[in-house]
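*Asks:* Just a sequence and a predicted model for now, questions to come.
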2 protein chains.
Amino acid sequence: MKYILKILLVLLLFSITLNAQNAKPNIIVIVSDDAGYSDFGSYGSKVLKTPNIDKLADSGVRFTNGYVSASVCGPSRAGLMTGRYQQRFGYEVNNVPKAMDPTVGLQGEDMGLPLDQMTMADYMKRAGYVNMAVGKWHLGIADCYHPLERGFDEFYGFLGGSRHYFQDDRDYIRKDNAVRRNHVKQADFDYTTDGFTNAAVDFIDRHKKEKFFVYLAYNAVHTPLQAKEQDMEDYGFLKDEKYQTYAGMMKSLDENIGKLLTYLDDENLRENTLIFFINDNGGPTYVTPANNDPLSGCKGTNYEGGIRVPFIISWTSVLPKNEVYDSPVISFDILATMLDVVNIKAREKTQLDGVNLLPYLLGNKKERPHKTLFWRENITAAVRDGDWKLIRFPDKPAELYNLSQDISEVNDLAAREPEKVKELYGKLWNWEHELARPLWFLQTKFDKQVIDKGIKYHKVKK
Amino acid sequence: MKYILKILLVLLLFSITLNAQNAKPNIIVIVSDDAGYSDFGSYGSKVLKTPNIDKLADSGVRFTNGYVSASVCGPSRAGLMTGRYQQRFGYEVNNVPKAMDPTVGLQGEDMGLPLDQMTMADYMKRAGYVNMAVGKWHLGIADCYHPLERGFDEFYGFLGGSRHYFQDDRDYIRKDNAVRRNHVKQADFDYTTDGFTNAAVDFIDRHKKEKFFVYLAYNAVHTPLQAKEQDMEDYGFLKDEKYQTYAGMMKSLDENIGKLLTYLDDENLRENTLIFFINDNGGPTYVTPANNDPLSGCKGTNYEGGIRVPFIISWTSVLPKNEVYDSPVISFDILATMLDVVNIKAREKTQLDGVNLLPYLLGNKKERPHKTLFWRENITAAVRDGDWKLIRFPDKPAELYNLSQDISEVNDLAAREPEKVKELYGKLWNWEHELARPLWFLQTKFDKQVIDKGIKYHKVKK
């Protein structure tokens, strides 16, 4: 009898899996830009309200140890878009044309996601999806790197790393800043956060009978700090105008994600749409009021405040609701999950670094998805192994933290745990020594700026 | 009375200085290649005999803490030739065409000493010298990097990093390996060590009425291991044929330096010829029988065995004889000394890193010529500050040694001296953060080879 029950259970599980496979979900990957770790209600903000993103979290799984693979925009997106450590193909430091070292490496428009790398959209195309990229691209300005050349069927957004939120003629002078529909400049929005949402909803509306994949990368809340007047009104109590503006930008971001979710609900698309939400890197507290509490560090550093980000998955017909998942996951896992969900085998050809998160979230796998994770940007590097984290610096001895007891990285245990330090150094090098060389480099003066930020925004023991 | 004596003494010193300036010396810089630290009699060899080089040491000053600026051939020569940390202009890793990373940086013939860098010969030309480069160049194969384009009036040697010692047709197929007189291939020697000496002596003989500068860079005793039969005969007692060959190569090197010195003596040129002898980097004990005892490490590593080398200065009319100088000096000091001796002011325009050694060797300056010295090759870096030395690795925690008590670097004091570690990390970074990016890169697999060599050839505590 017990035996028969077991068989029935297996058959049931099999049919659920099969069903899920037959009914491949629509997929939306939402990326916010430069938000602070605790600038979301669901991530502990006591000032900013993000009711729609919080509701998205409540409808699925919220990660408390969600990582990106880089502490700055370009490389982080390269990792997310390919499902690989971007250092494997040299997309290691940020690609910001004016800031590059002119003596070595690719320059200007030659910088971009190498053409031999498959993107999320390339994979989804194979699975029969119709794909759109919306918003900030930052994976190459040259025509060969354009989203339409990288597996996307439509594009509405800008190619560079940041632009004005309102219409600004200056953005239409530079190739990377103009908002385009596909290749054509199209200034048909008032505020980018609204414009990008409208473009995404419009695309979904036109393709709701097909399987669609939307990569929706807001520039919010990257600099420049520009908010709509009405969005700032709620935050009149904030005395600092910069903070008020930032709060207004966050409000618009949240409202727009709300608009998208409402549309999906209204069209009965929500249940079978797999939605990821992630922020691209830590908040740049040195230029914006982004708040990374309780994490140390900021954008550009390998402290948790540079690489641990708000990270949410929702798929209401399959995944549990109101879940909090505490084991470390990383942006790569988004593509790995997508691939398994749409039944694309990619691992044979390419070394993918993510894992399908579903078995972990459904409770089928109890161990951690990743035992060890790595970071490196030219100068500094870090490794998290279990709850131990080693950060290697050029200007000071490596630091060792136990994240389970010290989320703020204030108690450097390196001197007390020399064997652990050696072990993690070895693991880091074992990962590192086969990586590619960076394809481009920042001017060395920026190395110092990054190091100085690390010192300035490293919390200290109270 | 005491006052008048003082004035007389000052006048005397002034006239000596003036005399020395009027009678600008001829200058010869002799470079040997890949010899082990203790493969010279004067540096403690118990097996190999180098009577002529020992005599050169006896005729002047022998340095026991003489350094080069890199642990491999190309960058070391770039530092020597420019008097600058070669990392200032991106000549940071070895330029070995087949070994380069193809994805980033200069490739093949594009690699070379950047054209905006002044060479020793450029400076000497300003001082009215006639200049010759003999032997191994390894500062660029392309025509624009040719010695004749870099301040030398004549060249006899090969452009690459190594070649056969005997005639070998294979060397005449490749641009970098053929021996040339100026630009023309000229195979008029039996054994390179002899051929290079003959070319140098011939040049001096033709220009002995002028002021001459000869840069005489033997390929001895770099691989391939090839010795003349008669030079191996003395070493028949060595059972290992490889070692016997190596010993024969050392014998020929020594004999040829003897030939040059005898010529200078015979022509009464010796007294006013300033002669430097230096080896380019540590012995590559992983491929040759080079002996770096008592130093740890080898070519390619930042242990002393990679960067501390035999280093001799002789100028019999000016410098003391039979001197041993123990404070740290570095290959840069050769150009700085030459510039002061020939009265060329270069520091205003270019950041030179060497110091004129004469005041130290004459006892006019008592302090150390350098308080702090630095090394870096892409992955690893090191700093020597006083007698403290910190080595920074990618694969293990930084190590700290006190060289005054521990020449073999076996007692890592990092754990016991954390404040010293921090201090030296800071000094290293302060030097490092403004350096250029490397202009080319080795394939990453070589990073691992270097690290593995460091582990294998690091002496252990007995």
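*Replies:* Good, I have the coordinates.
*Asks:* Let me see the contact set for the spatially closest residue to residue A:179 that is not a sequence neighbour.
*Replies:* Spatial nearest neighbour of residue A:179, excluding adjacent residues (Cβ to Cβ, 6 or more residues apart in numbering or on different chains): residue A:158 at 5.2 Å. Using the backbone N, CA and C atoms, a C-beta is placed for each residue, glycine as well. By Cβ atoms under 8 Å, 6 or more residues apart in numbering or on different chains, the contact set of residue A:158 is A:135-137, A:171, A:176-180, A:219.
*Asks:* So which of these sit within strands?
*Replies:* Judged by DSSP state E, these include A:135-136, A:180 as members of strands.
*Asks:* in a helix, that's where residue A:244 is, yeah?
*Replies:* Yes - counting by DSSP: H, G, I helix; E, B strand; the rest coil, residue A:244 is found in a helix.
*Asks:* My read is that it contacts residue A:234, right?
*Replies:* No - contact between residue A:244 and residue A:234 fails when scored by Cβ atoms under 8 Å: they sit 9.3 Å apart.
*Asks:* show me where pLDDT drops low in chain A?
*Replies:* Residues of chain A that meet the criterion pLDDT under 70 lie in A:1-22, A:348.
*Asks:* Show me which residues of the stretch 101-250 of chain A are close to chain B?
*Replies:* A:101, A:103-106 (Cβ under 8 Å from any Cβ of the partner chain).
*Asks:* give me that answer again for 7 Å
*Replies:* A:101, A:103-105 (Cβ under 7 Å from any Cβ of the partner chain).
*Asks:* any idea how far residue B:421 is from residue A:400?
*Replies:* 14 Å (Cβ to Cβ, to the nearest Å).
*Asks:* before we move on, what about residue A:446?
*Replies:* 26 Å.
*Asks:* Same check on residue A:204?
*Replies:* Taking Cβ to Cβ as the measure, residue A:204 falls 57 Å from residue B:421.
*Asks:* try residue A:296
*Replies:* Distance from residue A:296 to residue B:421, by Cβ to Cβ: 22 Å.
*Asks:* Then residue A:255?
*Replies:* 51 Å.
*Asks:* Double-check that residue A:320 belongs to a helix.
*Replies:* No - Residue A:320: not assigned to a helix; according to three-state DSSP it is coil.
*Asks:* Do you have the helices of the stretch 151-300 of chain A handy? List them.
*Replies:* Along the stretch 151-300 of chain A, counting by DSSP state H, counting those that start in this stretch, helices occupy A:192-207, A:229-233, A:241-266.
*Asks:* Rebuild these as a markdown table, extending it with mean neighbour count.
*Replies:* Shown next, in a markdown table, are the helices of the stretch 151-300 of chain A (neighbours: other Cβ atoms under 10 Å in any protein chain shown):
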| stretch | mean neighbour count |
| --- | --- |
| helix A:192-207 | 21 |
| helix A:229-233 | 14 |
| helix A:241-266 | 21 |
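*Asks:* Just give the nearest non-adjacent residue to residue A:210, would you?
*Replies:* residue A:130 (5.0 Å).
*Asks:* ok, now which ones touch the one you found?
*Replies:* Contact partners of residue A:130, counting by Cβ atoms under 7 Å, 6 or more residues apart in numbering or on different chains, are A:153, A:207, A:210, A:212.
*Asks:* what does the stretch 301-450 of chain A put close to chain B?
*Replies:* A:394-398, A:415, A:418, A:421-422, A:425-426, A:429, A:432-439, A:441, A:444, A:447-448.
*Asks:* from those residues, which ones fall inside helices?
*Replies:* A:418, A:421-422, A:425-426, A:429, A:432, A:444, A:447-448 (DSSP state H).
*Asks:* Which of those are buried? Put it as a PyMOL command.
*Replies:* Remark: buried members of those, expressed as a PyMOL selection using 16 or more other Cβ atoms under 10 Å in any protein chain shown:
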select buried, chain A and resi 421+425+429+432+444+447+448
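*Asks:* which one among the ones in helices among the residues of the stretch 301-450 of chain A next to chain B gets closest to residue B:323?
*Replies:* residue A:444 (40.4 Å; Cβ to Cβ).
*Asks:* distance of the closest one from residue A:188?
*Replies:* 42 Å.
*Asks:* Identify the bridge partners of the residue nearest to residue A:210.
*Replies:* residue A:212 (DSSP bridges).
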